[in-house]
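1. Next input, structure requested:
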Amino acid sequence: MNGATRVASAPVNFGIYGSTGAKPDPDELLASMADAGYDGTDSGPIGYLGADHELAGRLAGHRLGLAGGWVDLRYGDPGGFEEDLGGLRRALEWFSSAAPDDPRFAPRPTLACPGNPRRFARPGVPVQPGVPDAQWPAFAARVQRAADVCRAAGLEPAFHHHLGTDVETAEEVERLLDLTDVGICLDTGHLWLAGGDPRAALRAWAGRITQVHIKDARRDLLAQTRADGGDLTELVRRGGFCALGDGDLDIPGFAAALKECGYTGWVVVEQDAPATGQDLDTILADQRANRELLRRAGL
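-> Numbers count the residues shown, from 1 in each chain. Prediction:
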């Protein structure tokens, strides 16, 4: 922790994508994060770490903050979007219960799209078609409405571009930025595998970045997975999102650029792990090494 940033881990690093039957249990997971030197955590699946004041109490018991949490809404489906707003409002209530000691580190509701089947089946470069041009204004208007709901609850959102969804590429992020005032969660690994340059994006979007996910990634594994007909789940299984320093990205260089641009807020370390078949000792070793690499880089 350098004063301007705090570093969080995330349940996805442990292969946790659902709120039921997840292992390790929440207290084991949080204890391991605190032991590895993290300042906080992403919520993971809404409800996994507990609801409302249970969430706040559990985090406080481990002296960890809440960086935010993923909430996807069906921006391309008017009726589905209206249904999904209820889940967003419930998540906002729970996030608000985990009040930080410093407002700069309030949890960021991480707005995102659900999976786009064509993109999920063929993730990354070359990117499959996403939102049709004619649908972009309505799509963006719903994103704006979700952002306004977050702000009405006293929390500033971060929209997450992500492989396998309607907003993958730098060009799509920029279109969303043009059509809304929502902040962006810059995810280094997802942007890299969608053909983008995280450091260029950091410079271009500096005034709109409200959260950062630091993730390493390997384009060679993406290309091989696509060639073999594998989807995004298979890419994760093969280690497409690897330990920091084991992939294509210059993580220390990105960390230095992040400090130079004056970013303030949460930095969330992500190393997406398969939902099954992972050795817990290996995961724990990776998460300690990831934190130490960022500490050496000044974060």
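2. Can you pull out the low-pLDDT segments for this structure?
-> Counting by pLDDT under 70, the chain shows low-confidence ranges at 1-2, 20-22.
3. the longest strand in it is where?
-> Criterion DSSP state E: the longest strand present in the chain is strand 65-72.
4. List the strands paired with that strand, with their directions.
-> strand 40-42 (parallel), strand 108-112 (parallel) (DSSP bridges).
5. Could you pull up the residues touching residue 15?
-> 273-276, 278, 283 (CB atoms under 8 Å, 6 or more residues apart in numbering). The C-beta positions use only the backbone N, C-alpha and C, and glycine is treated the same way.
6. how about a cut-off of 7 Å?
-> 273-276, 278 (CB atoms under 7 Å, 6 or more residues apart in numbering).
7. can you list these in CSV and add distance to residue 8?
-> CSV is the format used below for these (distance: CB to CB, whole Å):
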residue, distance to residue 8
273, 16
274, 21
275, 21
276, 24
278, 20
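8. which of those residues tops the neighbour count?
-> Among the contacts of residue 15, residue 273 has the most neighbours (other CB atoms under 10 Å), with 23 neighbours.
9. Wait, that one touches residue 16, no?
-> No. Using CB atoms under 7 Å, residue 273 is not in contact with residue 16, being 8.5 Å away.
10. which residues touch the nearest residue to residue 118 once chain neighbours are set aside?
-> Once flanking residues are discounted, residue 118 sits nearest to residue 128: 4.5 Å by CB to CB, 6 or more residues apart in numbering. Residues in contact with residue 128 (CB under 7 Å, 6+ apart) are 118-119, 122.
11. Can you pull the phi/psi pair for residue 128?
-> Torsion angles at residue 128 (phi, psi; degrees, to the nearest 10) stand at phi -70, psi 160.
12. thought residue 265 was touching residue 211?
-> Yes. Between residue 265 and residue 211 a contact is recorded at 6.1 Å, counting by CB under 7 Å.
13. For those two, indicate the residue with more neighbours.
-> residue 211 (27 against 21).
14. ok, the strand or helix carrying that one: who's next to it in the sheet?
-> Following DSSP states H and E, one finds residue 211 within strand 209-214. Using DSSP bridges, the strands paired with strand 209-214 in its sheet are strand 184-187 (parallel), strand 265-269 (parallel).
15. just how off-centre is the longest one within its chain?
-> If I follow you right, that is strand 265-269. Chain-centre distance of strand 265-269: 9 Å, with CA atoms, centre = their mean, to the nearest Å.
16. And the contacts of it?
-> In contact with strand 265-269 (CB under 7 Å, 6+ apart) are residues 5-10, 40, 42, 67-68, 104-105, 108, 210-214, 290-291, 294, 299.
17. just to revisit the earlier point, would you tell me what the next helix or strand after the strand holding residue 211 is?
-> Taking DSSP H and E, what comes next after strand 209-214 is helix 219-227.
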